[in-house]
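Undergrad: this one's structure only:
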């Protein structure tokens, strides 16, 4: 790490940060609507076309944490970190089958969240509340990790002083970035990250294209990179008394690799922020087209992962693996382009953090505040509450980052993935059938949550006694696998068995407010309850 502040890189970083800040505030005038509602503030008027949705979803799913953590996993352990590539390939055929149906029924009935749909489909506020609380809990550490990504970049640039610096001065740059994010999210809602996502993704593609060509040339080519990485992974870790990692996953790790990839693919579009970006699009065809072009980001992710090997070959030595890639950029790039790379990571944190906070706020407003506190809330009141909660969510994430070890934030994000997967039977199952009983779904969710949390609690790591990872022995098989997928299987088994029992006992099933035609409805179909303001209908994309 260079001594002191990298002034050139910092200047470039500040330039781009100020540019997207201005864009964030100007976004409130982009397709402005006269009405104030969650449709407008939280879903951008449900008016985004193919490319806006593509950039928004890409900015939502491929975050600063992805930019930093995926190659950091490769840097630390080798090929096991590549699980992120197959899971982002698996996810798109999966979502092609159900996202258009979710968009249609949500558009038809004015649903803003997945919990809205679950309540309407199964007539159960309890099940809806379970889905909402799970979504909020899973999203909080995810937002925190975006701030960790910004903090990693600031640390490498030398901003904030050393470890002995007063905490306020040290964290002031992060506090400023947080304040700006909170202000333009409050002002512009989902339109702000939608507009900024264009800049974020352009910068990320540019940085990766340059890195994948420029850095190997400086390091002597990929043959030398892989050779040095292989030698490094073969060294014995004195803490674990095992090799540091491997260029190819060992046979004993294949179950863990495969189950983690599959479980992550199933969980990705259960996250509230994924659904928020999806429901902001103007038609079901926009969703279908996006499932075919979003894999371009997976290509980018595969190239991004190779940076982990490059960091090893370049001799990057860091105590915190999250700093490996920012440090690689500062070491290998000219200062001005390092600033561009740092801006890509920093903006890559602002976009998803904004969407995540909006998604969590919408869940609270619609499925806790309106369902249980103020059922007669007006659209304007809903929007006001959602704006305030989005601020509180970001404050909570900031406190999490400033007061807890970064490893804890990462492990709680892994726990969030286990939790959010337990909402799949109610959401995806409900999109295709109403055979599952609402009480059985709630019981299955509870079993999955309890097992997943308890199993994760029992996982230790060299630095933590509990919540040290997301893999454990699969009962009955004896192999090490992803806890979330095991919990999901238990969830489904309990749901199916109890559904048979409850149907035999003729337990009340609740009222389904949807009809079969709702799941294929499009924006132009008659009878759609959502009325888009004239300022957004037919706007250019």
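TA: Looks like it arrived, so ask away. Values in this document were obtained by computation on a predicted structure and should not be read as measured data.
Undergrad: who's in contact with residue 13?
TA: The contact partners of residue 13, by C-beta atoms under 8 Å, 6 or more residues apart in numbering, come to 153, 157, 339, 342, 343, 346. C-beta here means a position set from N, CA and C on the backbone, and glycine is covered the same way.
Undergrad: Highest neighbour count among those residues?
TA: residue 153 (31 neighbours; other C-beta atoms under 10 Å).
Undergrad: per-residue confidence at it?
TA: Here, the pLDDT recorded for residue 153 equals 85.
Undergrad: Test my guess that it contacts residue 346.
TA: Yes: between residue 153 and residue 346 there is a contact at 5.4 Å, judged by C-beta atoms under 8 Å.
Undergrad: my guess is residue 402 meets residue 151, correct?
TA: No: counting by C-beta under 8 Å, residue 402 stays clear of residue 151, with 9.1 Å between them.
Undergrad: Mutual contacts of those two, please.
TA: residue 174.
Undergrad: Go ahead and flag the most central residue of this structure.
TA: The chain has residue 61 as the residue nearest its centroid, 5.1 Å off, counting by C-alpha atoms, centre = their mean.
Undergrad: show me the contacts for it.
TA: Applying C-beta under 8 Å, 6+ apart, we find residue 61 in contact with 88, 268, 274, 294, 297, 352.
Undergrad: What does it show for phi and psi?
TA: Residue 61 has phi and psi values of phi -90, psi -30 when expressed as degrees, to the nearest 10.
Undergrad: Show me the shaky parts of the chain.
TA: Along the chain, segments meeting pLDDT under 70 span 1-3, 31-35, 160-170, 239-240, 405-407, 524-541.
Undergrad: If we use 50, what do you get?
TA: Counting by pLDDT under 50, the low-confidence segments of the chain come to 1, 530-541.
Undergrad: where's residue 424 relative to residue 287, distance?
TA: 18 Å (C-beta to C-beta, to the nearest Å).
Undergrad: So for those two, which sits in the more crowded spot?
TA: In this view residue 424 and residue 287 are compared by other C-beta under 10 Å, and residue 287 has more residues nearby, 23 against 19.
Undergrad: Does that one touch residue 279 like I think?
TA: No: at 9.3 Å, residue 287 and residue 279 do not qualify as touching, with contact defined as C-beta under 8 Å.
Undergrad: Residues that sit against both of those two, list them.
TA: With C-beta under 8 Å, 6+ apart, residue 287 and residue 279 have common neighbours residue 103.
Undergrad: ok, residues contacting stretch 435-454?
TA: 122-124, 126-127, 130-131, 134, 415, 418-419, 421-423, 425-426, 429-430, 483-484, 486-488, 490-499, 501-503, 507, 509-510.
Undergrad: Now the buried members of the residues you listed.
TA: Among the contacts of stretch 435-454, the ones that count as buried by 16 or more other C-beta atoms under 10 Å are 122-124, 127, 130-131, 134, 415, 418-419, 421-423, 425-426, 429-430, 483-484, 486-488, 490-492, 494-495, 498-499, 502, 509-510.
Undergrad: and of the contacts of residue 61, the nearest to residue 9?
TA: The nearest member of the contacts of residue 61 to residue 9, counting by C-beta to C-beta, is residue 352 at 22.8 Å.
Undergrad: From the structure, what's the count of residues near that closest one?
TA: Residue 352, neighbours per other C-beta under 10 Å, totals 28.
Undergrad: next one: residue 374
TA: 13.
Undergrad: is it true that it touches residue 381?
TA: Yes: with contact defined as C-beta under 8 Å, residue 374 reaches residue 381; the gap is 7.2 Å.
Undergrad: just to revisit the earlier point, just the ones in helices from the contacts of residue 13, please.
TA: Applying DSSP state H to these, the entries found in helices are 153, 339, 342, 343, 346.
Undergrad: so which of the residues you listed would you say is closest to residue 104?
TA: Distances from residue 104 to those, taken by C-beta to C-beta, are shortest for residue 346, at 36.6 Å.
Undergrad: Could you measure from that closest one over to residue 214?
TA: For residue 346 relative to residue 214 (C-beta to C-beta), the value is 21 Å.
Undergrad: repeat for residue 433
TA: 52 Å.
Undergrad: higher neighbour count, those two?
TA: residue 214 (14 against 8).
Undergrad: my read: the more buried one touches residue 328, true?
TA: No: counting by C-beta under 8 Å, residue 214 does not reach residue 328; the two are 11.5 Å apart.
Undergrad: Which of residue 402 and residue 151 has more residues huddled nearby?
TA: residue 151 (24 against 16).
Undergrad: correct me, but the more buried one touches residue 175?
TA: No: with contact defined as C-beta under 8 Å, residue 151 does not reach residue 175; the gap is 10.8 Å.
Undergrad: Grab the nearest non-local neighbour of residue 479.
TA: Excluding the flanking residues, the one nearest residue 479 by C-beta to C-beta, 6 or more residues apart in numbering is residue 255, at 3.9 Å.
Undergrad: who are the neighbours of the helix or strand hosting the one you found, in terms of helices and strands?
TA: If you go by DSSP states H and E, residue 255 is part of helix 254-268. On a contact count with 3 or more C-beta pairs under 8 Å, 6 or more residues apart in numbering; DSSP states H and E, helix 254-268 meets helix 84-109, helix 406-421, strand 471-473, strand 480-482, helix 483-504.
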